[in-house]
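>>> this one's sequence-less:
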């Protein structure tokens, strides 16, 4: 109870915090109608632009996310983002009144480097381990420029080369999870969400019909549903 009260105070502080947020780009208009989530005190009905700013503010309640975003520039990567589960699951925890970090298994860092060698990627992984060794969480860093080299062998689905780190979001098995955030050198937060953030805010899990990763999607959705029983999960078309 004390932890929840502390996080409630933290939420109030973050909502008043002066942060700089880049203007979101409407990359996929059909998914960016007015928000579909239920009105309530913490999550009122926002327009597309406001929902992105509010989403970022909710993420900063999670101290691990805030720490990662503040430290990552120290690695000198030009195209890096914190992505997926740790983001929308933070918001889900806020929605259901759980401790903000509960149920989050890892924190995924995606980046893009033209050096496709495993040695270069492993160096980034080791640097991340050193940078965040004081955090009691599992942090995984992956070069998105290399994903096509191993994806088919691991998941059984063809995967063509990516053009940049956030290009990968279009291919995530779930639209709900296709979200990433970074912090620029000018201290401006940038959110990339090609399908919007409304499904995540509404605790709705939707498949990405652009992909053929139904097996991967179903496994992830089943795991999320066990952890957050109030989720509404859509079944992918066969």
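That came through, no problem. A quick note: this is a predicted structure, and the numbers were derived from the prediction, not measured.
>>> show me the shaky parts of this structure.
Across the chain, the ranges flagged by pLDDT under 70 are 1-50, 238.
>>> please enumerate the helices of it.
2-16, 48-59, 63-71, 85-96, 118-131, 147-155, 198-201, 214-227 (DSSP state H).
>>> nearest to residue 141, out of those helices?
helix 118-131 (4.7 Å; C-beta to C-beta). For every residue, glycine as well, the C-beta is placed using N, CA and C.
>>> which helices and strands sit right next to the closest one?
Under the contact definition 3 or more C-beta pairs under 8 Å, 6 or more residues apart in numbering; DSSP states H and E, helix 118-131 sits against strand 139-143.
>>> and the residue nearest to residue 127 when sequence neighbours are not counted, how far is that from residue 144?
Excluding the flanking residues, the one nearest residue 127 by C-beta to C-beta, 6 or more residues apart in numbering is residue 75, at 5.6 Å. Distance of residue 75 to residue 144, given as C-beta to C-beta, to the nearest Å: 15 Å.
>>> of the two, give the one with the bigger neighbour count.
residue 144 (23 against 15; other C-beta atoms under 10 Å).
>>> test my guess that that one contacts residue 159.
No - contact between residue 144 and residue 159 fails when scored by C-beta atoms under 8 Å: they sit 10.6 Å apart.
>>> so which bits of stretch 112-120 are buried?
Using 16 or more other C-beta atoms under 10 Å as the test for burial, stretch 112-120 gives 112-113.
>>> near residue 198, how many other residues are there?
Residue 198 has 24 nearby residues by other C-beta under 10 Å.
>>> fine, thanks again, bye for now.
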